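J.: Build me a structure from this.
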Amino acid sequence: MKLTKDYFLTDDVVALARDLIGKFLFTRVDGQLTGGIISETEAYKGTSDRASHAFGGRRTHRNDMMYHEGGVAYVYLCYGMHHLLNFVSNAEDIPDAVLIRGIIPTHGEELMLQRTRKRSITPDIGSGPGKVSKLLGLTVADNGLPLCGEKLWIEDRGLLVPDDSVKVTPRIGVDYAGEDAKLPYRFLYSTANS
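T.: From the prediction side, this is the model:
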């Protein structure tokens, strides 16, 4: 059930982003389990994608993890406050990644409510990449974690999400990427909020 590193070594990051819809994402932080169904993803395709942190071969301290072999987490800080979780894929030095934009909570909901200071699980509690990391207890300190480890992992529990249940759209907030902003690289489980 737990996905292995090989799963993330694919050279098709767009297909990976689609395939992750319906998989279960888990963390174990301080011995406490939280998790949910991946409901929204966005693909970022290496050095040729103007929306990618690695466009044009850019390599900095912040995005260096994207250049690692697939199967590790790339967690970065957005707007100085939101920790965003990405799954690095492909071979070493090919900086493909999938941003996890949404989950539907299934495990550890009480802890998730504590982390978010919410009173109840609402349909939008896991909708948005900053919310995902908060629910799961992840921060930039987790940059580089293996995606099949003891703290962070993904499981295939056989939840089949048919194509007609998945909305495909351009990515959000990447208008600066010109024509690449229009690419259909965002996948959203249609029962989730768009």
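J.: Now do the same contact list for the residue minimising distance to the centre of the chain.
T.: Closest residue to the average C-alpha location of the chain: Ile100 at 2.0 Å, with Cα atoms, centre = their mean. With contact set as Cβ atoms under 8 Å, 6 or more residues apart in numbering, Ile100 has these partners: 20, 25, 38, 40-41, 85-87, 129, 132. For every residue, glycine as well, the C-beta is placed using N, CA and C.
J.: Which residue is the nearest non-sequential neighbour of the residue of the chain most remote from its centre?
T.: The outermost residue of the chain, judged against the average C-alpha position, is Arg119 (25.1 Å), by Cα atoms, centre = their mean. Spatially, and ignoring its direct neighbours in sequence, Arg119 is nearest to Leu113 (7.0 Å; Cβ to Cβ, 6 or more residues apart in numbering).
J.: What strand or helix carries that neighbour?
T.: Using DSSP states H and E, Leu113 sits within helix 109-116.
J.: Which positions in stretch 26-38 come out as buried?
T.: 26-29, 34-38 (16 or more other Cβ atoms under 10 Å).
J.: Let me see the contact set for Ile125.
T.: If you count contacts by Cβ under 8 Å, 6+ apart, then Ile125 has 105, 112, 116, 118, 131, 135 around it.
J.: What score does it have for pLDDT?
T.: At Ile125, the model reports a pLDDT of 95.
J.: residue ranges of the strands in this protein, please?
T.: 24-29, 32-45, 73-78, 82-89, 96-107, 152-155, 166-169, 186-189 (DSSP state E).
J.: May I ask you to confirm that the residue farthest from the centre of the chain is in contact with Glu109?
T.: No - assessed by Cβ atoms under 8 Å, Arg119 is found out of contact with Glu109, at 11.7 Å.
J.: Sweet, I'm off.
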